[in-house]
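>>> I'll drop the sequence and a predicted model, then ask my questions.
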Amino acid sequence: MLDLGLAFQQQGLKLGLVPTMGYLHEGHLSLLKLLEGKCDIKAASIFVNPLQFGPGEDFERYPRDEAQDLKLLDSAGCDLVFIPSVKDMYPIGFQTYVQVEKLSQPLCGRLRPGHFRGVATVVLRLFTVTRCRYAAFGLKDYQQAVIIRQMTRDLFLNVELLFGKTLREPDGLAKSSRNAYLSVPERHIAARLPFALEWARSAALAGEDKTHNLRLGVEKLIVGNGEATIQYVDIVDPYTLEPLEAVGPKAVLALAVFVGKTRLIDNIMIGPQGESEPVVEMKV
Ligand code: PAF
């Protein structure tokens, strides 16, 4: 397997990496900006990682447009793009996986068994092959961010993590490559997610402390007449991801919802000490 980062390291050049699965949008490009002034080489990887998709999930139909991605990365000042093949990442005989035990269990982990094992494994592999000193991730997948932080700490990885705010469409929908799956009517329904999250944040600030009530309120706002299917709406501790009965000073409200066949995730920090985005929690 190629050791992409070795030559840079030997020349004393610091590489910063934005790991992606491609079909890039402004959210990804904003992560490249986080690297500015920190490293000598701003790099991105494009790899749709089969290990993080379960049976029946959208691995095959995950949107891909390499030519457009390369144009966008070039215009965003990316110096290097790493596009490995599945064989590069998982050669015959590959058998080492990373499991971040507790943090992988709740939220998406409960519904997508093996997903975070696939994410942690590929991220570690990307870190080692590129020998990056910095890596930037978006906070739309809050659980993923917490898991990568834990892995980085547990394995003493010499990588400084940077976390970028979720970028949103004008109506608040979190930018996501999977938004491309939505039909026009589904796109309207999807806009209920950020609306419901903001509602919960305001309700918690106005004194509604019971997570049960907040969760019910969010579910009602999203489901409407049954146009959307809730996978989960959970309110958890920002550090441990354990479920909370009362919001307390701060909590993360995270959700996964199917609009048609498209699974959307989003989150918001709630509580009197919460931020609109959980950026503060993720500083390392
Ligand atoms: O967030 C993503 O796009 C992916 O989970 C990641 C971090 C690139 C790993 O495949």
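Good, I have the coordinates.

>>> from Glu101, how far off is the residue in the stretch 151-284 of the chain positioned nearest to the ligand?
As assessed by Cβ to the nearest ligand atom, the ligand sits closest to Ser177 within the stretch 151-284 of the chain, at 7.8 Å. Yep, even glycine has a C-beta here, placed from its N, CA and C like the rest. Distance of Ser177 to Glu101, computed by Cβ to Cβ, to the nearest Å: 28 Å.

>>> so between these two, which is more surrounded?
Ser177 (19 against 9; other Cβ atoms under 10 Å).

>>> which one is the more buried one nearest to, not counting chain neighbours?
Tyr23 (3.9 Å; Cβ to Cβ, 6 or more residues apart in numbering).

>>> tell me the buried residues in stretch 102-118?
Using 16 or more other Cβ atoms under 10 Å as the test for burial, stretch 102-118 gives 103-104, 106-109, 112, 114-118.

>>> restrict the residues you listed to contacts with the ligand.
Of the residues in the buried residues of stretch 102-118, proximity to the ligand by Cβ under 6 Å from any ligand atom holds for none.

>>> farthest pair in those?
The distance between the two most remote of these (Cβ to Cβ) is 17.0 Å, for Pro106 and Gly118.

>>> next helix or strand past the longest helix seen in the chain?
Identified as the longest helix of the chain according to DSSP state H is helix 115-130. Going down the chain from helix 115-130, the next helix or strand is strand 134-138, by DSSP states H and E.

>>> which residues does that following strand contact?
Residues from elsewhere that reach strand 134-138, judged by Cβ atoms under 8 Å, 6 or more residues apart in numbering: 14-19, 27-28, 31-32, 34-35, 38-39, 123, 126-127, 144-145, 148, 159-167.

>>> cool, and stretch 84-96?
Contacts for stretch 84-96 (Cβ under 8 Å, 6+ apart): 1-2, 45, 47, 49-51, 121-122, 125, 129.

>>> quick one on the thing from earlier: pretty sure the residue nearest to Ser177 contacts Ser176?
No - using Cβ atoms under 8 Å, Tyr23 is not in contact with Ser176, being 9.4 Å away.

>>> so which bits of the chain are right by the ligand?
Counting by Cβ under 6 Å from any ligand atom, the chain comes close to the ligand at 19-21, 49, 52, 119, 122-123, 141, 144.

>>> would you map the strands across the stretch 151-284 of the chain?
Using DSSP state E, counting those that start in this stretch, the strands found in the stretch 151-284 of the chain span residues 160-164, 228-236, 251-259, 262-270.

>>> the first one pairs with which strands?
Each strand that strand 160-164 pairs with, and the sense of that pairing, follows from DSSP bridges: strand 134-138 (parallel).

>>> so where's the protein shaky on pLDDT?
For the chain, the stretches with pLDDT under 70 are 1-2, 275-284.

>>> residue closest to the middle of it?
The centroid of the chain falls nearest to Asp141 when counting by Cα atoms, centre = their mean (3.0 Å).

>>> now do the contacts for that one.
108, 265.

>>> try Leu80
Per Cβ under 8 Å, 6+ apart, neighbours of Leu80: 15, 41-44.

>>> before we move on, what about Cys78?
18, 32, 42-44.

>>> at 10 Å what do you get?
18, 24, 28-29, 32, 35, 41-44, 69-70, 72 (Cβ atoms under 10 Å, 6 or more residues apart in numbering).

>>> about what we covered before: then the longest helix of the chain to PDB, C-alphas only?
C-alpha atoms of helix 115-130 as PDB (Å, rounded to 0.1, in the frame of the first residue of the first chain):
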ATOM      1  CA  HIS A 115     -21.600   1.800  10.700                       C
ATOM      2  CA  PHE A 116     -19.200   3.500  13.200                       C
ATOM      3  CA  ARG A 117     -16.800   0.600  13.100                       C
ATOM      4  CA  GLY A 118     -16.600   1.200   9.400                       C
ATOM      5  CA  VAL A 119     -16.200   5.000   9.900                       C
ATOM      6  CA  ALA A 120     -13.500   4.700  12.600                       C
ATOM      7  CA  THR A 121     -11.600   2.100  10.600                       C
ATOM      8  CA  VAL A 122     -11.500   4.100   7.400                       C
ATOM      9  CA  VAL A 123     -10.600   7.400   9.200                       C
ATOM     10  CA  LEU A 124      -7.700   5.800  11.000                       C
ATOM     11  CA  ARG A 125      -6.500   4.300   7.700                       C
ATOM     12  CA  LEU A 126      -6.800   7.700   6.000                       C
ATOM     13  CA  PHE A 127      -4.900   9.300   8.900                       C
ATOM     14  CA  THR A 128      -2.100   6.800   8.700                       C
ATOM     15  CA  VAL A 129      -1.800   6.700   4.900                       C
ATOM     16  CA  THR A 130      -1.700  10.500   4.600                       C
END
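
>>> many thanks, we can stop here.
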